[in-house]
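Peer 1: Return atomic coordinates for the entry below.
(chains A and B)
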Amino acid sequence: SQQGEEDPQALSIQEGENATMNCSYKTSINNLQWYRQNSGRGLVHLILIRSNEREKHSGRLRVTLDTSKKSSSLLITASRAADTASYFCATDPSNDYKLSFGAGTTVTVRA
Amino acid sequence: NAGVMQNPRHLVRRRGQEARLRCSPMKGHSHVYWYRQLPEEGLKFMVYLQKENIIDESGMPKERFSAEFPKEGPSILRIQQVVRGDSAAYFCASSPAVDHSYGYTFGSGTRLTVV
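Peer 2: Predicted structure coming up:
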């Protein structure tokens, strides 16, 4: 079964708006990672947040982690057409190699 | 510094044929991971290899699937006697060390279509 589950499944926003997507998971984790996948391409690692961290920033990306609720959120600020992609969260339960991915959130940014 | 290279990008096989997918890790990376992505789903772990060793193949179907990472050359994921259900995108990732806490670099994947 999938560990991480993203919500919503799909999101459509206007360029310049913010996009927020959430990830819930079931078991304890060592870290949680967010990846982006453009249509027909591979996954690009965006950001990793460790279990003892609550918030992390990278450029226009902001990730939060609430281990008590077993949830994470990814915020993309001032979205651009190039942000159109699927976004996946992946949990790493024990700092090993078996990442568990959700089904992703498909984000469409309208010009 | 080229990233993780996978080939072919697209592969079409008839039912019963063999599929061979190749993955060259990033320079300096000796750990390779294969994942499979079925349509509308997230990636699922298949197998973890180091040079000449299979470390964990718990995510790989017991039959028809095999993987290797020889001392020289790319890692190979081999699917024998393919069936329609094998149609998926197969991604390879690599990392340089045992510490996996820095995220992975994925290739662009091989999209296998079984007709």
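
Peer 1: all contacts plus neighbour counts: C-alpha atoms, from now on.
Peer 2: Noted.

Peer 1: ok, which stretches of chain B are strands?
Peer 2: With DSSP state E, the ranges of strands along chain B come out as B:5-7, B:10-13, B:19-24, B:31-37, B:43-50, B:53-56, B:65-68, B:75-79, B:88-95, B:105-106, B:110-114.

Peer 1: of all those strands, which lies closest to residue A:87?
Peer 2: strand B:43-50 (11.9 Å; CA to CA).

Peer 1: That closest one - contacts with which helices or strands?
Peer 2: On a contact count with 3 or more CA pairs under 8 Å, 6 or more residues apart in numbering or on different chains; DSSP states H and E, strand B:43-50 meets strand A:100-101, strand B:31-37, strand B:53-56.

Peer 1: mind redoing it with 10 Å?
Peer 2: strand A:100-101, strand B:31-37, strand B:53-56, strand B:65-68, strand B:75-79, strand B:88-95 (3 or more CA pairs under 10 Å, 6 or more residues apart in numbering or on different chains; DSSP states H and E).

Peer 1: how about the ones you listed in TSV, adding distance to residue A:40 and mean pLDDT?
Peer 2: Output for the helices and strands packed on strand B:43-50, formatted as TSV (distance: least, CA to CA, whole Å; pLDDT from 0 to 100):
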stretch	distance to residue A:40	mean pLDDT
strand A:100-101	17	89
strand B:31-37	12	94
strand B:53-56	28	93
strand B:65-68	24	97
strand B:75-79	20	98
strand B:88-95	9	93
